Structure formats: structure tokens, C-alpha cells
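[1] next come a sequence and a model predicted from it.
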Amino acid sequence: MRVGLTYDLRDDYLAEGYSMEATAEFDRVDTIEGIEGALHELGLATDRIGNVKALVRRLSAGDRWDLVFNIAEGLLGPGREAQVPALLEAYSIPFTFSDSLVLALALHKGLTKRVVRDAGLPTPDFAEVACLEDLERVALPFPLFAKPVAEGTGKGISTASRITSREQLAEVCGKLLAEHHQTVLVETYLPGREFTVGVVGTGASAEAVAVLEVAYRAHADQIYSYHTKSHYEDLVDYHLVEDELGAACKRLAVDVWRVLGCRDGGRLDLRCDEQGRPSFIEVNPLAGLNPIISDLPILCRMAGMEYPELIRRIMISAVARYPELHALQL
């Protein structure tokens, strides 16, 4: 069996002149090597494809794969994470992780929260600010939290994101609109503990692997920003949460995962309200897979699941969707 690898390599975009922050979601070479090594341990041959443009060239040349292990984030547009899956769907090529619909939905935090809210699951009240005139319709009590509606890796989040006045709201939203050229999500700020939950599997077989608390050190900004994530070794401590609250976080994460139709593996971020009840913040159905520094492998490792086993579980979940691959033993 031959497995293609689709990804966005950070070094390629840095060489084109993009900034460190603009390329924050893209992968390092050791991430590709880690995935490839784990697939080789499963006895699978691999073929590095690269980004969506490379995939287009390969498909046009007639290349095909038994399955594509897709971690391509995409560069442009609100549907950028859906571009590779959409092409693979058009060519009937099996692939890992969520489909094009789910990835397009999940990247837009506001639309995702609407689906979660309509399913009766807890998420902070919110408003969307597409232009400064929309600020007049924001009727949420302070404090609030503001961030770009379709970014990841903490991009656009800073200490200024926690907002306590109308003046600050206008200032922060104006800055985010100008810098990120997209709608700003404004939601009720939850003051409680912060967690990330790793999920593996699809539908009825989905399960929460572990709940990791994000605990800020005294000298940190107390905000899970791009800066904090980039310097997590010095600013953050991670703790497994295995008590009753941890169990509640697992239930909520799996419920959201199933409602959204996410597949194979990923992460969900939760935060507690003033009563200590967890609420959904956002989902990452295309989570980072660097063996050392990405949150999903970190929490799996802390829970006793080593990296090769994580990749194997992802592959088992993906293969189960495709009858033509059922004979594969993993």
C-alpha cells in the first residue's frame, strides 16, 4: 500500500518571504519525518506530495495513491484547509482526517459555535464583527474576548484580547480587522480553568484520549496566544486532568466531535465558566502532529500513547471508511 503525504512545509513559505507568524500553522521537516517514520513502522510505503499546488501537478500527471495522509493547512481563503480534501474527494482518493465540509466549517469559529449551540452544547455567547459598524450590535456583558474568526495557533490573540470596555472593544476589533482582513469573533470571556482534549476515532468509535490543563506560570501573560504557544516551555505547564471535571471535559469534547462530524483525530479547546462548568471554545480537526512539540502528541504521550500508536489509531479510523482498504492489517 502506498500512502501519499500532503502538507505545507514552513520552510518553503519562509523562503518565499512570508513571516514567522504568517506561517505559524505550517509544518517543520521533522513533523513530516515523524509521520513518515510511523507509517513505515506499519509496513506502509510513503510518497511525499507536498502542498495543494503540488497535489494538483501530481494529479494532472496521473499519479494516484491508495490513501493520502493529509495535514495540509492551506495558505489563502477561509476554506483553505478544505482545498486538499476537496481535490481528493473529486478524484475518489481515500484520505485521513475530516472531509472538506467539516474542515471548511471548523476553520470558521463563529459558524462552528452556531452548530454546537444549536445542538444544545455549552459554548460562550458571542457576536461577529465584520466591520466597525457591527460594534453597535454587540450587546454582551464585559469582560469579552476577541480573536480572528478563522485563524489558528493563537494568531491574532494577545493580552489585549481580553476586553473590559467599549473603547477597548473598538480599538482591538479595528486592529484585528486591519491586520487579519477577516471577521472578528467576540465572545463572553470565561474566567475558569483552560483545557485541551485529544480525540481519536470517528463517530461512535470516537474517544477522548486525555484532558490536558493549560496552566500558566506566574510570569506568563495568562493568555494562550501565538507568543505563549511559541514559548510554551518557559510559559506554560501541562497537567493531565483525570478527576470528575476531566470526565466532564471528555464527554463534552466527544459530543462536539460527533456533532461536527470530525474524523480520525484532533483536539478541542474548552474553558470553564465561573461555576466551574466546561464550555466549548474551538475545535482543531487538523491538529499539529509534530512528535515533540504539538499538543495532541504531547497529551497522548502523557496518557501513555506513544507517537507511533497515535498514527496507527488515526490510520485505523481512516481505513475503516473505505471498503477497498478493509483488508489492510494495521
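    That came in fine, so what should we check first?
[2] do you know how far the closest residue to residue 317 other than its chain neighbours is from residue 33?
    Spatially, and ignoring its direct neighbours in sequence, residue 317 is nearest to residue 264 (4.3 Å; C-beta to C-beta, 6 or more residues apart in numbering). No exception for glycine: its C-beta is placed from N, CA and C like everyone else's. As judged by C-beta to C-beta, to the nearest Å, residue 264 and residue 33 stand 20 Å apart.
[3] please say which of those two ends up with more neighbours.
    residue 264 (26 against 13; other C-beta atoms under 10 Å).
[4] so residue 310 touches residue 297, yeah?
    Yes. Counting by C-beta atoms under 8 Å, residue 297 is a contact partner of residue 310 at 6.2 Å.
[5] give me the common contacts of those two.
    Residues touching both residue 310 and residue 297 (C-beta atoms under 8 Å, 6 or more residues apart in numbering): residue 289.
[6] so where do the strands sit in this structure?
    2-6, 45-50, 67-70, 126-129, 144-148, 162-163, 184-188, 194-200, 207-216, 236-240, 265-272, 278-284 (DSSP state E).
[7] contacts only, for the residue nearest to residue 317.
    Here residue 264 is in contact with 96-98, 200-202, 314, 317-318 (C-beta under 8 Å, 6+ apart).
[8] mind running it again at 7 Å?
    Shown in contact with residue 264 (C-beta atoms under 7 Å, 6 or more residues apart in numbering): 96-97, 202, 314, 317-318.
[9] same thing with residue 294?
    287-288.
[10] in this structure, where's the longest helix?
    helix 244-260 (DSSP state H).
[11] give me the distance between that helix and the centre of its chain.
    Centre-to-centre, helix 244-260 and its host chain are 16 Å apart (C-alpha atoms, centre = their mean, to the nearest Å).
[12] show me which residues of that helix are buried.
    Buried residues in helix 244-260, counting neighbours by 16 or more other C-beta atoms under 10 Å, are found at 245-246, 248-250, 252-260.
[13] break down the chain into its helices, ranges please.
    10-15, 29-41, 52-60, 83-90, 100-107, 109-118, 166-180, 226-230, 232-235, 244-260, 295-302, 307-319.
[14] need the residues that contact the first one.
    It stands for helix 10-15. Helix 10-15 has contacts (C-beta under 7 Å, 6+ apart) with 23, 26-29.
[15] list the contacts of stretch 23-34.
    With C-beta under 7 Å, 6+ apart, stretch 23-34 has contacts from 5, 7-11, 13-14, 48, 71, 73, 152-153, 155, 226, 289-291, 307.
[16] okay if I get the strands of the chain as JSON lines plus mean pLDDT?
    Shown next, in JSON lines, are the strands of the chain (pLDDT from 0 to 100):
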{"stretch": "strand 2-6", "mean pLDDT": "98"}
{"stretch": "strand 45-50", "mean pLDDT": "98"}
{"stretch": "strand 67-70", "mean pLDDT": "98"}
{"stretch": "strand 126-129", "mean pLDDT": "97"}
{"stretch": "strand 144-148", "mean pLDDT": "96"}
{"stretch": "strand 162-163", "mean pLDDT": "96"}
{"stretch": "strand 184-188", "mean pLDDT": "98"}
{"stretch": "strand 194-200", "mean pLDDT": "97"}
{"stretch": "strand 207-216", "mean pLDDT": "95"}
{"stretch": "strand 236-240", "mean pLDDT": "91"}
{"stretch": "strand 265-272", "mean pLDDT": "98"}
{"stretch": "strand 278-284", "mean pLDDT": "98"}
